[in-house]
Structures are given as structure tokens and as C-alpha cells.
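Novice: Sequence first, predicted coordinates after that:
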Amino acid sequence: MTDHGLRIDHAVSSGTFSLDGETFEVDNNIWVVGDDNECIVIDAPHSVDDILAVVGDRKVRAIVCTHAHDDHVRVAPALRERVAAPILLHPDDRPLWELAHGGPDDVDAYLWDVDLADSMPIEVAGTTLTVLHTPGHAPGAVCLSAPDLGCVFTGDTLFQGGPGATGRSYSDRSTLEQSIRAKLFALPDDTVVHTGHGDDTTIGAERAGL
């Protein structure tokens, strides 16, 4: 813990998710980890203003994307401009990122700044979050383990009630289940799971159901 109140702040932002020619209304969780002075933002859904309302006047050290579906990265470049922080994404998700932000032939395309990798540490406010590469929902999907806070941020890899969706392009159910068993079920049962959508759960509760 730090002298400035290490904590997790949360809000929900509403918008759309589009892939494979279909678009859905969706509510996304915004997670901000830090203290009174600095923080990281996990995912950048829908609205920069919604995210900044959670950040407040703190220094943003990084925008960490759990994967590159458009409802998680759509406003990442705009947020980067507002807070002058790098965007972190696993490079295996480049095909999905390019669907949202343009490919190599697009002069207006944006890229992220730092490649995430399995076991990579992300430090903020005196604590360390560890990157867990958990492909399946998306090729470059990651979770962020925060043992000091007793939790893991799973994006769309694991929800209350089971694994994330795998019915769309760049997803695979058996890969996802293998990722969950190898990386997430290695965590203690009482680890709180903060998801990309919907309510929290625990590793123990989800272990019993898979």
C-alpha cells in the first residue's frame, strides 16, 4: 500500500460493439487502478469523458487494453491525446485493432505504443500488475493480476458465469478454456474477478463451473 490510498475506481460506459458485420448495444466496465496522484486505465470504451470522470486530476501512466475489440479500444487514441499516456496492447491483436483504427494502407491509422507480453509487470502507485496472456476470446487477450489488491482484471476472458464469447472472428473456445485453466485458475480461489462487462465474481466460483 502507499501513503496516498491505493485503490480501484470503477464506472460503466455505454455504446456499441461491432464485428463480423453486426453491431450490438453494450455496457462496458471502466477500471482505474492507482492512488491519489497517479493511475492506469484498463480499456478505453465508448467515451473519453466517462473515463476522465473516473481519473479526475491524476496522472495517467498507461492505457492498458485487455484486447482490441472496438468496444474496448475505440477511444484509446483520443484518450491518449487527452492524458499523454501510452497505449499498451498485445501485438497478436493487431488484426482486431486495425478493424477499429485502420490498417497499413490507411494514412489516418493509429497504432498503440507498447507491446504487452506474458508475465510483463505494469507498475503504478507502488503496486505491480502482472500481464497474463490469455488468448481465446481474442488472439492477444490479456488479464491483469493484481495480488496486492486481491483481484484480477479479466477483460472479456472470464465473466460471472463462465468464459467470454468465442462465436466470432479471431476467437476459439478450446483456446480460451485452456487459457483460463492455465493462467486464471492458478490464482487463489478468493481472487476477485473484475470483468469487462457485468458484475464481479471470484476465481473459486468460476473454477467450480468450468
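Specialist: Done, it's in. All values derive from a computational prediction rather than experimental measurement.
Novice: how about the strands in the chain?
Specialist: 7-19, 22-34, 38-42, 59-64, 87-89, 114-115, 121-124, 127-133, 142-146, 151-155, 158-159, 162-163, 192-195, 201-202 (DSSP state E).
Novice: looking at the ones you listed, which is buried most?
Specialist: Of those, the one with the most neighbours on average (mean count of other C-beta atoms under 10 Å) is strand 151-155, at a mean of 27. The C-beta positions use only the backbone N, C-alpha and C, and glycine is treated the same way.
Novice: quick one: strands adjacent to that strand?
Specialist: Partners of strand 151-155 in the sheet, by DSSP bridges, are strand 142-146 (antiparallel), strand 192-195 (parallel).
Novice: Distance from the shortest one to the middle of the chain?
Specialist: Averaging C-alpha positions (C-alpha atoms, centre = their mean, to the nearest Å) puts strand 192-195 11 Å from its chain's average.
Novice: Could I get the average pLDDT for that strand?
Specialist: When pLDDT is averaged over strand 192-195, the result is 98.
Novice: what's that strand in contact with?
Specialist: 8, 10, 29, 31, 150-156, 158-160, 184, 200-203, 206 (C-beta atoms under 8 Å, 6 or more residues apart in numbering).
Novice: ok so, going back, adding distance to D106, write the strands of the chain out as JSON lines.
Specialist: Formatted as JSON lines, these follow (distance: least, C-beta to C-beta, whole Å):
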{"stretch": "strand 7-19", "distance to D106": "17"}
{"stretch": "strand 22-34", "distance to D106": "21"}
{"stretch": "strand 38-42", "distance to D106": "25"}
{"stretch": "strand 59-64", "distance to D106": "21"}
{"stretch": "strand 87-89", "distance to D106": "17"}
{"stretch": "strand 114-115", "distance to D106": "20"}
{"stretch": "strand 121-124", "distance to D106": "29"}
{"stretch": "strand 127-133", "distance to D106": "27"}
{"stretch": "strand 142-146", "distance to D106": "25"}
{"stretch": "strand 151-155", "distance to D106": "25"}
{"stretch": "strand 158-159", "distance to D106": "33"}
{"stretch": "strand 162-163", "distance to D106": "33"}
{"stretch": "strand 192-195", "distance to D106": "32"}
{"stretch": "strand 201-202", "distance to D106": "39"}
